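**Q** Predicted model follows, preceded by the sequence.
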Amino acid sequence: MVLIWVVCVLVLIMAIGLTVYSATTCETGASKAISIVIIWAVALAIIGGLMWWLYGTESGKRSQKSLHSEVSGGLNRTVKVYDMEGDLIQEYKGKFDVAESTTEGVTKVKFDCDGKRHIIYGSTGTIIIDEE
């Protein structure tokens, strides 16, 4: 999400620079106007597309939520761990960030809750993580 905003600022800076360049190098008023309109139309189309992705799509919303979780110490979550027969082994509740990785077909979920680090391997059962 931060990258999207950085790209938008860079696009604006480039549009301003190209506008100044166009205004100083074009010889006629009509060519200056046309080039400036094209520059800003392209810049606004790029920024509009990025903002649409960030605020108008589910992947953009997930990206925002991931960043919020990363910078605010996590989200309120409930982690439930079930054994292979479907019986509840353990349940964790709290505000924490969850890291998930897969190595050689084994999923590992890692998080800190109540001052303790928890690492759960998915090959031993089922892990359900609900965000509140």
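**A** Cool, the structure landed. Numbering: from 1, shown residues only.

**Q** For the protein, which segments count as helices?
**A** 2-25, 29-56, 58-71 (DSSP state H).

**Q** gap between Phe96 and Val79?
**A** Separation of Phe96 from Val79 (C-beta to C-beta, to the nearest Å): 9 Å. C-beta here means a position set from N, CA and C on the backbone, and glycine is covered the same way.

**Q** Kindly apply the preceding question to Gln64 instead.
**A** Gln64 is 22 Å from Val79, by C-beta to C-beta.

**Q** The two: which is more packed in?
**A** Taking other C-beta atoms under 10 Å, Gln64 and Val79 do not tie; Val79 has more neighbours (20 against 14).

**Q** Please name the bridge partners of the more buried one.
**A** With DSSP bridges as the criterion, Val79 is bridged to Tyr92, Ile129.

**Q** Of all residues in this protein, which one is nearest the centre?
**A** What sits nearest the mean C-alpha location of the chain, by C-alpha atoms, centre = their mean, is Ser63, with 2.3 Å.
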